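>>> Have a look at this fold, sequence not included:
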């Protein structure tokens, strides 16, 4: 790799990293705000909140990375054109395809990253989210015990807490246990926490009093305690099996699903659509890179407008991606939709390479340029009339 290739390669990847982090961060914040309920109503810690919401980042990167690459290539080409470096390289004998080579190297790096995310990282993060979410929402201790409400966990067991504090601390706990017909237990504790271990789940109460009313006895037994563990294992569903959806499956599980899988038996079309989406994920960076360079990579003088080329590349890239989403939806019912999607990607790549190798400059038609010029001139005249008046 020569010095020119290294310069373009580093510039493109640096721009790609900056755009990817920025876009992913913005979209992640919007997704994370939906999970704020984990801390406010279910008493989870900030660590749990950040842990769950950050697991969705690989799935976001899977979609954002090709778009970030397109923006990075556009930025790099615009920078080279503004400094007249493309014209100098072309005058020195570098063909457009030779100039495209360092961008191709950067695209290979992005495609490898996207392939790894699509194959393993994204589905692994999604299944961790599902498992983690199931442990939180299925656990009665965090889902039903709401501040200020009497929660009847069993026919003769009622628990109330006054409030939740950061760190999962429960304040103002009242327990009324009448499950044993021979006695009734009432517990009032200043605060407590939920302790989960391999042996079960316990509501650990601290600084409270326990009253035991036994049948046949007139006076209750009153006990003051500093720490008391109330067994709640019966009401915790931690460790239960979680049914994995389509997005939580690794690529090899989509390619060769178990014939006895009940989800596969119900929706085999979605397995097919998701499998082809994963296969095509690393192809999109090549298509986006080729399209962007085909529109913007040709040498132009500083007087030649690049607005049409920039707008054309954006329309081409987003049109291809929207068509891909449409084919993915249709692939659920039609096995021919993925074939159309592969053909679209191949056509976009081959057509762009033909433009690059041939050194074709994509410019708007002369009639369109003339019409735009006339409309701009007319608009300027309209804007100047009030000023002269």
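Okay, I see it. None of these values were measured; they are calculated from a predicted model.
>>> Show me where the stretch 151-300 of the chain has its strands.
All strands of the stretch 151-300 of the chain, identified by DSSP state E, counting those that start in this stretch, fall at 157-165, 169-177, 183-197, 200-214, 221-231.
>>> out of these, which comes closest to residue 341?
strand 183-197 (46.0 Å; C-beta to C-beta). Placement of C-beta: from N, CA and C, glycine included.
>>> Quick check: buried residues in the closest one?
Within strand 183-197, the residues that qualify as buried are 184, 185, 186, 187, 189, 191, 192, 194, 196, counting by 16 or more other C-beta atoms under 10 Å.
>>> Could you let me know which of these ends up closest to residue 88?
Among the buried residues of strand 183-197, residue 196 lies closest to residue 88 (C-beta to C-beta), at 66.4 Å.
>>> Tell me how far that closest one lies from residue 52.
Residue 196 sits 17 Å away from residue 52, going by C-beta to C-beta, to the nearest Å.
>>> and if you look at residue 15?
Distance of residue 15 to residue 52, given as C-beta to C-beta: 31 Å.
>>> re the thing from before, the strands of the stretch 151-300 of the chain into CSV, with extra columns for distance to residue 332 and mean pLDDT?
Compiled in CSV, the strands of the stretch 151-300 of the chain are given as follows (distance: least, C-beta to C-beta, whole Å; pLDDT from 0 to 100):
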stretch, distance to residue 332, mean pLDDT
strand 157-165, 42, 84
strand 169-177, 46, 86
strand 183-197, 40, 84
strand 200-214, 41, 84
strand 221-231, 47, 85
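>>> quick one, which of those strands is nearest to residue 309?
Nearest of these (C-beta to C-beta): strand 157-165, 56.9 Å.
>>> Show me which residues of the closest one are buried.
Across strand 157-165, burial judged by 16+ other C-beta under 10 Å covers 157, 158, 159, 160, 161, 164.
>>> Tell me the one of these nearest residue 308?
Of the buried residues of strand 157-165, the one sitting nearest to residue 308 (C-beta to C-beta) turns out to be residue 164, at 58.4 Å.
>>> what is that closest one paired to in the beta sheet?
Beta-bridge pairing of residue 164 under DSSP bridges involves residue 170.
>>> right, and it touches residue 170 too?
Yes: assessed by C-beta atoms under 8 Å, residue 164 is found in contact with residue 170 at 6.2 Å.
>>> Please report the residue range of the longest helix in this protein.
Identified as the longest helix of the chain according to DSSP state H is helix 3-34.
>>> So for that helix, what gets flagged as buried?
Buried residues in helix 3-34 (16+ other C-beta under 10 Å): 4-5, 8-9, 11-13, 15-16, 19-20, 23-24, 27-28, 32.
>>> packing partners for it?
Here helix 3-34 touches helix 46-54, helix 57-82, helix 96-116, going by 3 or more C-beta pairs under 8 Å, 6 or more residues apart in numbering; DSSP states H and E.
>>> Report the angle between that helix and helix 96-116.
Between helix 3-34 and helix 96-116, the angle comes out at 40 degrees (axes from the mean of the first three to the mean of the last three C-alpha atoms, to 10 degrees).
>>> pLDDT of helix 3-34, averaged?
Across helix 3-34, pLDDT averages out at 86.
>>> Now do that helix and helix 57-82, the angle between them.
140 degrees.
>>> if I pick the spatially most central residue of the chain, what's in contact with it?
For the chain, residue 60 is the residue whose C-alpha lies nearest the centre (C-alpha atoms, centre = their mean; 2.9 Å). By C-beta atoms under 8 Å, 6 or more residues apart in numbering, the residues touching residue 60 are 24, 27, 28, 31.
>>> okay but residue 123 is in contact with residue 247, surely?
Yes: between residue 123 and residue 247 a contact is recorded at 6.5 Å, counting by C-beta under 8 Å.
>>> Compare neighbour counts for those two and give me the winner.
residue 123 (25 against 16; other C-beta atoms under 10 Å).
>>> Setting aside sequence neighbours, what's the nearest residue to the more buried one?
Spatial nearest neighbour of residue 123, excluding adjacent residues (C-beta to C-beta, 6 or more residues apart in numbering): residue 250 at 5.1 Å.
>>> if I read this right, the one you found contacts residue 119, doesn't it?
Yes: in this structure residue 250 lies within contact range of residue 119 using C-beta under 8 Å: 6.9 Å.
>>> Backbone dihedrals for residue 147, please?
phi -60, psi 140 (degrees, to the nearest 10).
>>> same question but for residue 360, I mixed them up
Per degrees, to the nearest 10, the backbone of residue 360 is at phi -80, psi 130.
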